[in-house]
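Engineer: Any chance you can model this:
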Amino acid sequence: MSEIQDKLAALSRRAGLMTGAQWARQRAEEDQRRRAGAYDLDRVLPGKEVGEGDARFYLIRSDFPLDVAHGTVELGAVLSTSSKHIAFSACDPELEDLDPRATLFMDTETTGLAGGAGTVAFLVGVGYFTEDAFRLDQCFMRDFDEEEPMLRFLAELFATHNAVVGYNSKSFDLPLLRTRFIQNRIPFRLDGYMHYDAMHAARRIWKDRLGSCTLGAVEEAILGVRRAGDVPGHLIPQFWFDYLRSRDARPLTGVFQHHQTDILSLVALTGLVSQLLEAPDGGGFEYAEDRLSIVRLHFRQKHYEDVVEHALRFLESEDRSPLRRQCLEMLAFACKRLQRFEEMARFWERLIDEFPSHLDARLELAKHCEHRLRDLGRAEALCLDALDLLERRPSGGEAPHTAAVRERIERIRGKRARGLRAGRGDDLVRDAEDNEGT
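Structural biologist: Purely as a prediction, here's the structure:
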């Protein structure tokens, strides 16, 4: 029997297993350390209480030198950010007045991800620049009754700035904070502030290439940030509820680190967007998908001269890419808006040549031939090609597009007939129909 026990003991040691007595002794020692306060919040995560009397919350303040790199970007790089680049990436001209030194970089950790009146932000991080550093205040509720003093502290901090940067903050963080401020009868100042939601900018620039533009995906692919042992975001609410029950702050270490990384990434991403847009000739963007996204951003904001410039440069560098289709479309439409109709026609012709099944190119070129060139024969031929493409497409019944093309063909034929009767061939008399559909 002793031999068997020795073998079991050897196997247990090799596997790192404890005996019942060892386990009991360890639990007793841990209980003793807990009673002695070894796992209290101020021991695990040094900070300070803020507030008066019983109305206090817990604050962890961290200062980062401006030359500290977060991924591939120094935090201080955002101070040289061009506000016109931020406004451009956000499609929001108001952000042209954004000053990084008057801006708050904000993120929240909450009791749930669905929002709603019952969701509480138990950890609110606000980063801002001091004279020679980037300061991060992580405001933490140790229980529900600490929400009001935390929000009053935040209200005072908000009053010293005029802009906010977040990630999905327009849809989540700010609406949630607004609800909490209102419920605590505290004025919510951020509604009138300039607001840069970096998630929307990231999607406009990188979604075609990355697909997912979660902050983690953007960090890894764009900023070069690698999170080791990170706490998954969906588990963070449970970590706080566990803390309320046990008062063991050790699991919160990963929560605070996750939260800190989120806010530092906001700073780095804001600076990097400006750096990339500042590079001459669009040279800041290495990938074709990203360069096409910049063309699309100019088009969306009706910067048609810039669309032409960037699109032509894209076509020169990407002579075989299927992305040429979208680029040529935007280029042709930009020329149309600029009333550079000869160039527009050339780009529609190139689209048809490179992408023979392109329907809109034929229809747009048909309009040009009908109303500007007065070449009704060519206009009719292009519409017939478009109709053939439509009829060969699988569909459940006649599409509205098909009916519209047929109507256009009939109108063109009517014009041709009237011109022939008048002895002018395809030289038309201007009438009310000439401007239809241009």
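
Engineer: pLDDT (mean, whole number) over the strand or helix carrying Pro175?
Structural biologist: Assessed by DSSP states H and E, Pro175 sits inside helix 174-183. When pLDDT is averaged along helix 174-183, the result is 96.

Engineer: Mind listing residues that contact it?
Structural biologist: Here helix 174-183 makes contact (CB atoms under 8 Å, 6 or more residues apart in numbering) with 108, 110, 115, 117, 119-121, 124, 147, 151, 154-155, 164, 166, 187-188, 190-191, 195. C-betas here are computed from N, CA, C, even on glycine.

Engineer: do that again at 7 Å, thanks
Structural biologist: Outside of helix 174-183, the residues within contact range by CB atoms under 7 Å, 6 or more residues apart in numbering are 108, 110, 115, 117, 119-121, 147, 151, 166, 188, 190-191.

Engineer: how far is the very next helix or strand once past it from where the chain is centred?
Structural biologist: Using DSSP H and E, the helix or strand that follows helix 174-183 towards the C-terminus is strand 194-197. Taking the mean of its C-alpha atoms, strand 194-197 sits 12 Å from the chain's own mean (CA atoms, centre = their mean, to the nearest Å).

Engineer: With stretch 108-121 instead?
Structural biologist: On CA atoms, centre = their mean, the centre of stretch 108-121 falls 21 Å from the chain's centre.

Engineer: Flag every buried residue along that stretch.
Structural biologist: Thr108, Glu109, Thr110, Thr111, Thr119, Val120, Ala121 (16 or more other CB atoms under 10 Å).

Engineer: Okay, buried residues for the helix holding Pro175 please.
Structural biologist: Quick answer for helix 174-183 (16+ other CB under 10 Å): Leu174, Leu176, Leu177, Thr179, Arg180, Phe181.

Engineer: and of the buried residues of stretch 108-121, the nearest to Glu131?
Structural biologist: Glu131 lies nearest to Thr108 out of the buried residues of stretch 108-121, by CB to CB, at 26.8 Å.

Engineer: Is it possible to get CSV of the buried residues of stretch 108-121 that adds pLDDT and distance to Val255?
Structural biologist: Shown next, in CSV, are these (pLDDT from 0 to 100; distance: CB to CB, whole Å):
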residue, pLDDT, distance to Val255
Thr108, 97, 12
Glu109, 97, 6
Thr110, 96, 12
Thr111, 94, 12
Thr119, 91, 16
Val120, 96, 15
Ala121, 97, 13
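
Engineer: Keep only those of the residues you listed that are in helices.
Structural biologist: Residues of those located in helices (DSSP state H): none.

Engineer: Need the residues you listed in CSV (columns: distance to Ile222).
Structural biologist: Formatted as CSV, these follow (distance: CB to CB, whole Å):
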residue, distance to Ile222
Thr108, 23
Glu109, 23
Thr110, 26
Thr111, 30
Thr119, 29
Val120, 32
Ala121, 27
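
Engineer: Could you chop this structure up by domain?
Structural biologist: As recorded under automatic domain parsing, the domains making up the chain are 43-278, 281-435.

Engineer: Confidence-wise, which of the ones you listed is weakest overall?
Structural biologist: domain 281-435 (a mean of 88).

Engineer: Redo the domains of the chain as CSV? Include distance to Glu3.
Structural biologist: Converted to CSV, these look like this (distance: least, CB to CB, whole Å):
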stretch, distance to Glu3
domain 43-278, 41
domain 281-435, 67
